[in-house]
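K.L.:
Sequence plus the predicted model coming up.
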Amino acid sequence: MLTEIIQSGYTSSNLLKHINRSRLQQMLLRRFHRTAAEFFAQTGARSVLDAGCGEGFAIRELLSHHAATVVGLDGSVGALRVATMLNPQRSFAAGDLLELPFPNNSFDLVVCMEVLEHLDNPREGLDELCRVSREWLLLTVPNEPFFRGANFMRGKNMHAFGNDPGHVNHWSARAFLRFVTPAAQVVTWRTSFPWTLVLCRIA
């Protein structure tokens with residue numbers, strides 16, 4: 001399947017991250033997904049939106065064995081094509097995270113992984129995620145400065161001291177909790193190097 005995706009000519013930094021053969025990187029991703037799966041299990045959600053789903057790797061890792069109704073949304077048609085290949089039993093839609101095409105309180109759980117750091121107005125994005133969630137949010141972002149440090153140490157984005165060119169927001173774990181708290185109640189959180197994961201209830 002991944003060979004077919006690569007041969008199609010599509011690529012992205014997220015795709016490259018997940019197909020990287022580095023044992024260390026794959027170990028970090030497994031630990032990250034395991035933590036996210038633990039958080040998901042606490043929600044008992046029967047309907048899930050993955051907002052900014054990209055190529056659908058999180059849906060595959062977290063939800064492949066769950067009967068929940070899952071919708072993935074992303075702005076990239078190429079990413080959605082890959083997501084559909086990886087998760088043929090799930091539904092996907094093109095859309096803008098800042099203008100989600102769903103009514104209020106549409107999903108038990110809204111997942112948004114590795115997206116908010118890319119938004120010029122993350123507060124607007126968080127408010128929109130809260131709008132369509134009935135109860136739960138599962139959010140993840142890079143844990144700074146450790147994310148940049150890890151990139152720099154392995155020679156990635158050296159010209160920007162390890163910063164991903166698409167990242168316009170840089171939160172430490174504590175700073176991200178402060179960002180989230182006005183909009184939602186933090187139930188639990190954890191760092192899984194080099195990321196921060198937060199499970200919230202809608203305030």
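P.N.:
On my side now, so go ahead.
K.L.:
Touching the lengthiest helix in the chain from outside, list them.
P.N.:
In terms of residue count, the longest helix belonging to the chain (DSSP state H) is helix 23-43. Helix 23-43 is contacted from outside by 17-18, 20, 58, 61-63, 66, 108-109, 111, 113, 135-136, 138, 140, 187-188, 190, 192-195, 197, 199, using CB atoms under 8 Å, 6 or more residues apart in numbering. All C-beta spots, glycine's among them, are computed from the backbone N, C-alpha and C.
K.L.:
Which strand or helix spans the closest residue to Glu114 other than its chain neighbours?
P.N.:
Leaving out its chain neighbours, the residue that sits closest to Glu114 by CB to CB, 6 or more residues apart in numbering is Thr140, at 6.0 Å. Per DSSP states H and E: Thr140 is located in strand 133-142.
K.L.:
For the protein, which segments count as strands?
P.N.:
47-51, 69-74, 91-94, 107-113, 133-142, 184-192, 195-202 (DSSP state E).
K.L.:
want to try JSON lines for those, with mean neighbour count, distance to Leu28 and mean pLDDT as columns?
P.N.:
Listed next are the strands of the chain as JSON lines, based on neighbours: other CB atoms under 10 Å; distance: least, CB to CB, whole Å; pLDDT from 0 to 100:
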{"stretch": "strand 47-51", "mean neighbour count": "24", "distance to Leu28": "20", "mean pLDDT": "98"}
{"stretch": "strand 69-74", "mean neighbour count": "22", "distance to Leu28": "23", "mean pLDDT": "97"}
{"stretch": "strand 91-94", "mean neighbour count": "14", "distance to Leu28": "26", "mean pLDDT": "97"}
{"stretch": "strand 107-113", "mean neighbour count": "25", "distance to Leu28": "14", "mean pLDDT": "98"}
{"stretch": "strand 133-142", "mean neighbour count": "24", "distance to Leu28": "12", "mean pLDDT": "98"}
{"stretch": "strand 184-192", "mean neighbour count": "15", "distance to Leu28": "8", "mean pLDDT": "98"}
{"stretch": "strand 195-202", "mean neighbour count": "21", "distance to Leu28": "8", "mean pLDDT": "98"}
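K.L.:
Can you lay out the ones you listed as JSON lines showing distance to Phe32?
P.N.:
Formatted as JSON lines, the strands of the chain follow (distance: least, CB to CB, whole Å):
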{"stretch": "strand 47-51", "distance to Phe32": "15"}
{"stretch": "strand 69-74", "distance to Phe32": "18"}
{"stretch": "strand 91-94", "distance to Phe32": "22"}
{"stretch": "strand 107-113", "distance to Phe32": "9"}
{"stretch": "strand 133-142", "distance to Phe32": "8"}
{"stretch": "strand 184-192", "distance to Phe32": "5"}
{"stretch": "strand 195-202", "distance to Phe32": "6"}
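K.L.:
Which secondary structure elements does the strand holding Thr140 sit against?
P.N.:
Here strand 133-142 touches helix 23-43, strand 107-113, helix 122-132, helix 173-180, strand 195-202, going by 3 or more CB pairs under 8 Å, 6 or more residues apart in numbering; DSSP states H and E.
K.L.:
Give me the contact list for it.
P.N.:
32, 36, 39-40, 43, 45, 49, 105-114, 116-117, 126, 129-130, 148, 164, 167, 169-171, 176, 180, 184, 194-202.
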